[in-house]
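Participant: 3D model of this:
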Amino acid sequence: MSGDQEAAAVAEAVDEVVEVVEAEIVEDELLPATLQRAGQPAPRPLVDRHTILYPGEEVPTDADAPAYTRTDFEVSAATADRLRDKAAPANTNRNYSSQRKNFAEWCEAMGRVARPCTTATYVEWVAGLIAREMAPNTIRTYMSGVRTWMPEDRRPGTAEARGMLAEYRKDWGRRNRVRKAPAITDAMLRAMVDTCDLRTPAGLRDRCALLVGRGALNRRIELADLDIGDVEVEDAGVDLWIAYSKTDQEGKGESTFVPADPADPRYDPVAAVRGWLDCLHRMRVYDGPLMRALTSRGRLQNRAAATVRGDYVTGDALNDWVRHRAYLAGLPAWHLVTSHGLRRGGAQEIADAGGDPTQQGRWKPGSATVKREYLDRAQSRSQNPWHQVQAARRGRGAEAR
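Facilitator: Reported below is the predicted structural model:
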C-alpha cells in the first residue's frame, strides 16, 4: 500500500470514529436522536396548538405522513356528477352560483382576492349589501353561499359581519314589515274546494292538493315531491311518506297521517285522494309523481324533457293552482294567496284548538317558529281581555231579560 493510500485509509477511519462519537454523545433530554444523511433536512414536527401527546408518545413529523398520489385525491366521473348536481337542491345550487359570481365580480372591481378571501374583504362586501338595503334574510343567504365557497381551512371570520347584520336587522324590521301569505282558514278552504268540478281531472287534482296540503301541513315542495307510492289510503285516513323535508336534510323520511273527515265526503281527504288516484289510473298512471301538470283539456302534460324536475311539478305551479281556486271562490285578496297558506291555516287551527302542530308539520321539536307564530298567537287570542268584557255584557243582558 502506498503512502497516499495509507493516509486516505487513516482519514476515513478517523471520520467513522468521529461520526460514532458524535452520535453517542447526546443529551438525555434530546433522545431519541435520529441520524440524518448529509444534505437532508430534518423532518418537520407536525403539531399545532390542538395536538395531544400521550405519555411516551413521540412527536409526529412529516416523515410519518403517508405519501399521497393523485389517486388519493381523484373521484370518478359519476361521483363528480353527483357532487355537482346532488350536493344541494337545484334551486340552492343556482342561487349559490349567482351569489358567488356576484362576489367574485365585486372583488375584481375592488382589486381584492375572491377565493380564498380575507375576513376584511368579507366584512366589506357584507357592509355593501347592507348599504343597498337588501332584506336581512337575503344577505344571510348570500353570506352563507360565499363562505361555503371558500376552502374549509381558510374561511373568513363571521363575528363582525354577523354583528353588523344583527344591528341592521333591527332597523330594517322597523321600516319593513314582512307580510306573509294569508292563512287559509277552514271557511276559505271549503269555498275553494267548492269551485272544484269533480267531473274533471283538474277539479279532482286541485281538491286533492287542497285537502292533503292543509291536512298534512305540507310545505309546497313536500307536496310537489310526493310520489304515488308515498301515499297509503285507508278508511281511517291518508298516510303520507315525506321522504325529504326542510328539517330532514339527510332524507331519513317521516310519516304524516291525515285523518278522514267523513262528515261530508266533498271535504274528506280520503275521498279526495281516492278520487284523484282513480283519475290517474284511468290515464294509465300508476307510479311517479302524485301531483301532475294537466293541459286545458284535462290531459297529462308531457314534461319529462321540458324541465329539470321532469314530471314533478314545481312549487310555483302549486301556488298557481291554489291561487286560481281562491280567485274562483271570490276570496278577498285572492292574489296574495299561496299554497303556504294551507300550511299556515292548518297549523293555526290546530293551535287555536289547543293542540301543537309541530309534529304534524314536521317542524323541529321546540321550534321557535311554531311557538311564536301559532302557539303564542293562539294563547294571546284566547286570553284576550275583551273576551271577559263580552262575557260580562252577555251576563248583564241575560239578567235584564
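
Participant: Please make it C-alpha for all contacts and neighbour counts, starting now.
Facilitator: Noted.

Participant: ok, residue 174 to residue 129 distance?
Facilitator: In this view, residue 174 and residue 129 are 18 Å apart by Cα to Cα, to the nearest Å.

Participant: So for those two, which residue has more residues nearby?
Facilitator: Comparing residue 174 with residue 129 by other Cα atoms under 10 Å, the one with more neighbours is residue 129, at 18 against 8.

Participant: can I assume the more buried one sits in a helix?
Facilitator: Yes. Per DSSP: H, G, I helix; E, B strand; the rest coil, residue 129 lies within a helix segment.

Participant: That one reaches residue 140, doesn't it?
Facilitator: No. Checked against Cα atoms under 8 Å, the pair residue 129 and residue 140 is beyond contact range at 10.0 Å.

Participant: Low-confidence regions, the protein specifically.
Facilitator: Residues of the chain meeting the criterion pLDDT under 70: 1-40, 85-95, 177-179, 303-307.

Participant: just the strands in it please.
Facilitator: 231-234, 237-242, 254-259 (DSSP state E).

Participant: Direction included, what does the last one pair up with?
Facilitator: With DSSP bridges as the test, strand 254-259 is paired with strand 237-242 (antiparallel).

Participant: Only C-alpha atoms, please: export the strand it pairs with in PDB.
Facilitator: C-alpha atoms of strand 237-242 as PDB (Å, rounded to 0.1, in the frame of the first residue of the first chain):
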ATOM      1  CA  GLY A 237    -107.200   8.400   6.800                       C
ATOM      2  CA  VAL A 238    -104.300   9.000   4.500                       C
ATOM      3  CA  ASP A 239    -100.700   8.100   5.400                       C
ATOM      4  CA  LEU A 240     -98.100  10.200   3.600                       C
ATOM      5  CA  TRP A 241     -94.400   9.300   3.500                       C
ATOM      6  CA  ILE A 242     -92.400  12.600   3.400                       C
END
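
Participant: Report the separation between residue 145 and residue 101.
Facilitator: The spacing between residue 145 and residue 101, counted by Cα to Cα, is 10 Å.

Participant: ok, which stretches of the stretch 151-300 of the chain are helices?
Facilitator: Secondary structure of the stretch 151-300 of the chain, counting by DSSP state H, counting those that start in this stretch: helices at 159-175, 186-193, 201-215, 220-224, 269-282.

Participant: Mind listing residues that contact the shortest one?
Facilitator: By that I understand helix 220-224. 209, 213, 242, 244-245, 289-291, 312-315, 318, 339-340 (Cα atoms under 8 Å, 6 or more residues apart in numbering).

Participant: For it, list every residue counted as buried.
Facilitator: With burial defined by 16 or more other Cα atoms under 10 Å, the residues of helix 220-224 counted as buried are 220, 221, 222, 223, 224.

Participant: The nearest residue to residue 342 once chain neighbours are set aside: neighbour count?
Facilitator: Counting by Cα to Cα, 6 or more residues apart in numbering, residue 342 lies nearest to residue 214, which is 4.6 Å off, once chain neighbours are set aside. Around residue 214 there are 27 other residues, counting by other Cα under 10 Å.

Participant: now do residue 73
Facilitator: 7.

Participant: just the one 4 residues further on next, same as before
Facilitator: Using other Cα under 10 Å, the number of residues around residue 77 comes to 9.

Participant: same thing with residue 374?
Facilitator: Residue 374: 24 surrounding residues under other Cα under 10 Å.

Participant: mind listing what it touches?
Facilitator: Under the contact definition (Cα under 8 Å, 6+ apart), the residues listed for residue 374 are 347, 348, 351.

Participant: can you tell me how far it sits from residue 262?
Facilitator: Distance of residue 374 to residue 262, given as Cα to Cα: 27 Å.

Participant: if we can go back for a sec, so the residue nearest to residue 342 touches residue 349, yeah?
Facilitator: No. Contact status for residue 214 versus residue 349: not in contact, 10.4 Å apart, counting by Cα under 8 Å.

Participant: which residues do these two both contact?
Facilitator: Shared contacts of residue 214 and residue 349, defined by Cα under 8 Å, 6+ apart, are not found at any residue.

Participant: Identify all contacting residues around stretch 382-393.
Facilitator: Contacts to stretch 382-393, defined as Cα under 8 Å, 6+ apart, come from residues residue 352.

Participant: try it again with 10 Å
Facilitator: Residues outside stretch 382-393 that contact it (Cα atoms under 10 Å, 6 or more residues apart in numbering): 352-354, 376-378, 381, 394-399.

Participant: Write the ChimeraX selection for whichever of these are buried.
Facilitator: Entered in ChimeraX, the line below selects the buried ones among the contacts of stretch 382-393, by 16+ other Cα under 10 Å:
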select :352,377,378
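
Participant: List the contacts of the residue nearest to residue 279 when sequence neighbours are not counted.
Facilitator: Across the structure, with Cα to Cα, 6+ apart as the measure, the residue nearest residue 279 apart from its sequence neighbours is residue 201 (6.6 Å). Shown here is residue 201, whose contacts under the criterion Cα under 10 Å, 6+ apart are 207, 275, 276, 279, 280, 283, 294, 295, 297, 298, 299, 300.

Participant: Now restrict these to buried residues only.
Facilitator: Among the contacts of residue 201, those classed as buried by neighbour count (16+ other Cα under 10 Å) are 207, 275, 276, 279, 280, 300.

Participant: with those in mind, which one is nearest to residue 62?
Facilitator: Of all the buried ones among the contacts of residue 201, the one with the least separation from residue 62 (Cα to Cα) is residue 300, at 63.7 Å.

Participant: list the contacts for the closest one?
Facilitator: Counting by Cα under 10 Å, 6+ apart, residue 300 touches 201, 280, 283, 285, 292, 293, 294, 311.
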